[in-house]
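Asks: generate coordinates for the sequence data below:
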Amino acid sequence: MLDVFTSSVMMTNSCVIRSASDVILVDPAWTTAELGRLAAHLSGSTVVCGWATHAHHDHVLWHPGFGDGPRYATPAAARIALEHQARLEQAATAHVAWELIPLVARVEVFDGRTLPWDGPEVQVVSHSGHAPGHGALWIPDSKTLIAGDMLSDVEIPIFAETGWRAYVDGLATLEPYVRQAEEVIPGHGRRSSAAGDSPVSRWEADMAYLEQAATGGGHDDPRMSSGPAWLWDSHHENLRSMAAA
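Replies: Predicted coordinates:
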């Protein structure tokens, strides 16, 4: 069973993978009130572990109501979270109350292939597309890909941090899972499962943007006109990173 809770901030998705009373909690976000409501929803459940898909401030949040289970990330993401903890804490203060700030980015290295619990298999799919050590999750039983900050219907690919080539390679890593997937859940945006908005169409849209950005284009991506204004800043950062490469 998989529940998705979408925040009022940037359509950020928190995912709850459930097996009986055990839970894996992925990227809980965003506001203090939303984290509190999520904790209340999980009352009576055991959060076996948390998972941060990558080390950006909106993906390394936590709440005392989630319990004391380990919070995992890939080795690269966990290292970045440790090295940049102060910066991540500061960024989180935009929407998170001060009493939750000490819990920001307290993730541990996980270097295994599948997350440790007694529920359905949850595989880690690591790459460095959107961020170093980006860790998507693949659930074979339900053919669901929790993609982190990729394959979104509301955000263009954002690759200035790791580079265009790393993002292309990241999509190549995800492609076999996308081709099998019945549903993709992005870090921001809507779940993809319908025929007109399939996992494959999301992947193809990201690839099309990357191909256009490689030659200075991409400004006519449909997500640019329908999404938030800051996407233009991200788009220009993408192009500047291409020029500097």
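Asks: alpha carbons only for contacts and neighbour counts from here, please
Replies: OK.
Asks: name the nearest residue to the most centrally placed residue in the chain, sequence neighbours excluded.
Replies: The chain has Gly148 as the residue nearest its centroid, 2.2 Å off, counting by Cα atoms, centre = their mean. Distances taken as Cα to Cα, 6 or more residues apart in numbering place Gly187 nearest to Gly148, at 4.3 Å, with adjacent residues excluded.
Asks: that neighbour: what's it in contact with?
Replies: 12-14, 146-150, 152 (Cα atoms under 8 Å, 6 or more residues apart in numbering).
Asks: which among these end up buried?
Replies: 12-14, 146-150, 152 (16 or more other Cα atoms under 10 Å).
Asks: any chance of these in a markdown table, plus pLDDT, secondary structure and distance to Thr162?
Replies: Formatted as a markdown table, the buried ones among the contacts of Gly187 follow (pLDDT from 0 to 100; DSSP: H, G, I helix; E, B strand; the rest coil; distance: Cα to Cα, whole Å):
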| residue | pLDDT | secondary structure | distance to Thr162 |
| --- | --- | --- | --- |
| Thr12 | 97 | strand | 21 |
| Asn13 | 98 | strand | 22 |
| Ser14 | 98 | strand | 24 |
| Ile146 | 98 | strand | 20 |
| Ala147 | 98 | strand | 17 |
| Gly148 | 97 | strand | 15 |
| Asp149 | 97 | coil | 13 |
| Met150 | 98 | coil | 13 |
| Ser152 | 97 | coil | 18 |
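Asks: between these, which sits nearest Leu100?
Replies: Ser14 (16.8 Å; Cα to Cα).
Asks: remind me what the worst-scoring helix or strand of the chain on mean pLDDT packs against, helices and strands.
Replies: Here the helix or strand of the chain ranked lowest by mean pLDDT, DSSP states H and E is helix 222-226, holding a mean of 89. If you count contacts as 3 or more Cα pairs under 8 Å, 6 or more residues apart in numbering; DSSP states H and E, helix 222-226 packs onto no helix or strand.
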